[in-house]
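1. Requesting a structural model of the entry that follows:
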Amino acid sequence: MDLDIGTVIDDFANSTVTVLHKTKGQRVGGDWIDGNTDKTKIKEPLIPNDKQSKLSYFDSGQVELCDATLYSHHNEFEIDDEVIDDSNNQKYTIVDKTDYTNYSTVVFYGLKAVNS
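-> This next block holds a predicted model:
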């Protein structure tokens, strides 16, 4: 049985977010062809981590504190995709992805702020 928390995501959607998803490039006839960048606008909660902490642990033992978390119905976004909070134009990079779609309807994306 899936736990449907989609209504919670819908209720707490605080602004629109633009995700720039980069598709992988490919080699054609010996030349490298860059992938496309797909632009997706969604209305889902992006919560800055001012008081909460979301840690990502890497194989090297490094610990990284995420600056925000995006709670989403979409699972097609990947690490290193760019996220823009349309309410304040703050740019983030996806650094962590926790996919709960095997038993729920949500994916948590850990975001690191990009300083201009």
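
2. ranges for the helices of this protein?
-> 6-11 (DSSP state H).

3. low-confidence ranges in it?
-> Residue ranges of the chain with pLDDT under 70: 1-6, 50-64, 116.

4. 50 instead, please
-> Applying pLDDT under 50 to the chain flags the ranges 52.

5. where exactly do the strands run in it?
-> Assigned by DSSP state E, the strands in the chain fall at 16-22, 26-28, 31-33, 37-43, 46-48, 55-57, 63-65, 68-72, 82-85, 90-99, 107-114.

6. Would you format the ones you listed as TSV with distance to residue 10 included?
-> No exception for glycine: its C-beta is placed from N, CA and C like everyone else's. Output for the strands of the chain, formatted as TSV (distance: least, Cβ to Cβ, whole Å):
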stretch	distance to residue 10
strand 16-22	13
strand 26-28	37
strand 31-33	38
strand 37-43	8
strand 46-48	14
strand 55-57	26
strand 63-65	28
strand 68-72	10
strand 82-85	18
strand 90-99	19
strand 107-114	15
